[in-house]
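J.: Provided below for reference: sequence and predicted model.
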Amino acid sequence: MGLVRALFGMWAVAVACEARSQAYLDRTLYPERLHEEVELLRSAIHEAHPDPYRYHTRPELDALIDRVRDSITVPMSLVEFEQALGPVFKGVGDSHCRSEWPVDMQRTLEREALLLPLQVRVLPEGVFVEEELKGFRSIPVGSRITAINGRPIEKIMEVLLRTVVGDGANRTFAERMVEREFNVRYHLYVEQTGMYRVEYRTPDKVANEQVVFGMTAIEITSTRKPKGASMLSWGSTVYPESAVLWLKLNTLDLEGLNLGGQRPDRFLQATLNDAQREKVRTLVIDVRGAGGRELSMAELVFSAIAKSPFKMLDAMVVRSIVPPKARPTHAIPESFYASANARLLLAGKGDYRVPETDPRLSMHEPMNKAFGGKVYVVCDGYTRDAAAALVMMVRRQNRGRVVGEEVGSNAFGFTGGPEWVVTAPNSNLRFHVPLLKYVPAGRGEGPTDRGEQPNHQAYPTPGGIARGQDELRASLLEMIQELE
């Protein structure tokens, strides 16, 4: 009993310290100042965003922004203001047009916020424990969470999913974002506490509950055991029994690859050599969770499997071609504007397009000795940007079969490239507004407000999570072997 009291006392002190330090929860932002910041965001969207009226006309978008501004009538906290702006960003419907927390708030979240130390997976069957992040296990992996501190998990997910801004109506992207940031989003948008009573059903369907004490992000990082033997961004595995090479690309971000000492062109060439030496008949490219802003990386990877010349993009659209007046709140990519006027063509209604002579819109040749066998691409809702463009190319060029989930980037056009970063002077929120819209080559299928759809929909399973297995990989390898 003495130990329990001591632990509870330590938790109470920690919670008290946390509450004192979390200024982002204090209602110190006055309506008049926040109205100015709403107008700052409005002007940035109208001036810079390449496709702001995709889902709403300009009058409709302005009316929506007016309603948001006029709804702010009392002092707000930083978190409340960020939530109030949600309808504006969702009205634009672009995951890259977003707000970012101030730097000092991010530091506080990392060092002082007491977070639920659980990694979860969001599946059609519910929300499941994938990993405990505190170094030891008190809730069985694969358990389905039913409630936290008396709140049903369904209600919690309704709140958290509303906090995600994605491309159009892409719910899959929202689910992947929530599962990646579940503990931080719970802390910001549900409740601030240092003790979590988690109700769950074990993989054996036994109802139970467990009290879990909160930990800071720094504590979680220091106690968590890294999973997997390799920390490299790209890796490959050959399965001789089925003549399959599984290529895992965790990112298509060139800078990240370079920092890890990996040269993507050399890696791909070595992979092709391995495939030839091992007499590989099927190549699986796994881009689950991968992103990357440079579409040239998608071109490079696709060139390793292309059978004929290909085109990655049909168009690139810009609306802002003249740098705005210098303002202390605006960080502007000057190099983008330095050459914009010389190479952009007016396309009507304030849109400008990159000319077809631009190398990014040209035809690209297959890599020397490109792989000619069967191809599968595995993706999920967090496959986005360059990785999503790769998925689109594989499907639209009929080069392989896509397995998994709808990708996170819109199938009919998504933004990227240089951006404005506008710092709101009172809340210090940073508004990101991209300047380029990419229109993928080929014909997309499905709703225009969704991502590229897979040929074969597949998800992780609760049983696979409980056993610590990647069942999607196992099932696909089994299917390939049976088809041979």
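T.: Sure thing, it's come through. Residues are numbered from 1 along each chain as shown.
J.: Specify the local secondary structure of the nearest residue to His35 once chain neighbours are set aside.
T.: Distances taken as Cβ to Cβ, 6 or more residues apart in numbering place Arg69 nearest to His35, at 5.3 Å, with adjacent residues excluded. (Each C-beta comes from the backbone N, C-alpha and C, glycine too.) At Arg69 the chain is in helix, as set by DSSP: H, G, I helix; E, B strand; the rest coil.
J.: got any ranges where the stretch 301-450 of the chain has weak pLDDT?
T.: By pLDDT under 70, the weakly predicted segments of the stretch 301-450 of the chain are 340-342.
J.: which residues in it form strands?
T.: Per DSSP state E, counting those that start in this stretch, the stretch 301-450 of the chain carries strands over the ranges 310-311, 313-318, 330-331, 345-348, 351-353, 363-364, 374-379, 401-404, 414-423, 430-440.
J.: number of nearby residues for the closest residue to Leu78 other than its chain neighbours?
T.: Closest residue in space to Leu78, ignoring its immediate chain neighbours: Tyr24 at 4.1 Å, by Cβ to Cβ, 6+ apart. For Tyr24, the neighbour count with other Cβ atoms under 10 Å is 23.
J.: Check Thr108 too.
T.: Neighbourhood size, Thr108 [other Cβ under 10 Å]: 18.
J.: if we can go back for a sec, possible to save the strands of the stretch 301-450 of the chain as a markdown table with mean neighbour count and distance to Gly464?
T.: Shown next, in a markdown table, are these (neighbours: other Cβ atoms under 10 Å; distance: least, Cβ to Cβ, whole Å):
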| stretch | mean neighbour count | distance to Gly464 |
| --- | --- | --- |
| strand 310-311 | 18 | 35 |
| strand 313-318 | 19 | 36 |
| strand 330-331 | 16 | 44 |
| strand 345-348 | 10 | 48 |
| strand 351-353 | 18 | 45 |
| strand 363-364 | 14 | 37 |
| strand 374-379 | 24 | 14 |
| strand 401-404 | 22 | 14 |
| strand 414-423 | 21 | 30 |
| strand 430-440 | 22 | 32 |
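J.: Which of those sits closest to Leu254?
T.: Nearest to Leu254 among these is strand 414-423; the distance by Cβ to Cβ comes to 13.5 Å.
J.: how distant is that closest one from the center of its chain?
T.: 16 Å (Cα atoms, centre = their mean, to the nearest Å).
J.: Could you tell me the angle between that strand and strand 313-318?
T.: Per axes from the mean of the first three to the mean of the last three Cα atoms, to 10 degrees, the angle that strand 414-423 makes with strand 313-318 is 20 degrees.
J.: Just the CA trace of strand 414-423, in PDB.
T.: In PDB, the C-alpha atoms belonging to strand 414-423 read as follows (Å, rounded to 0.1, in the frame of the first residue of the first chain):
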ATOM      1  CA  PHE A 414      -2.000  16.800 -55.200                       C
ATOM      2  CA  THR A 415       0.200  19.700 -54.100                       C
ATOM      3  CA  GLY A 416       3.900  19.900 -53.100                       C
ATOM      4  CA  GLY A 417       7.100  21.600 -53.900                       C
ATOM      5  CA  PRO A 418       8.000  25.100 -52.500                       C
ATOM      6  CA  GLU A 419       5.600  26.700 -50.000                       C
ATOM      7  CA  TRP A 420       4.800  29.800 -48.100                       C
ATOM      8  CA  VAL A 421       5.200  29.600 -44.300                       C
ATOM      9  CA  VAL A 422       3.200  32.300 -42.600                       C
ATOM     10  CA  THR A 423       3.700  32.800 -38.900                       C
END
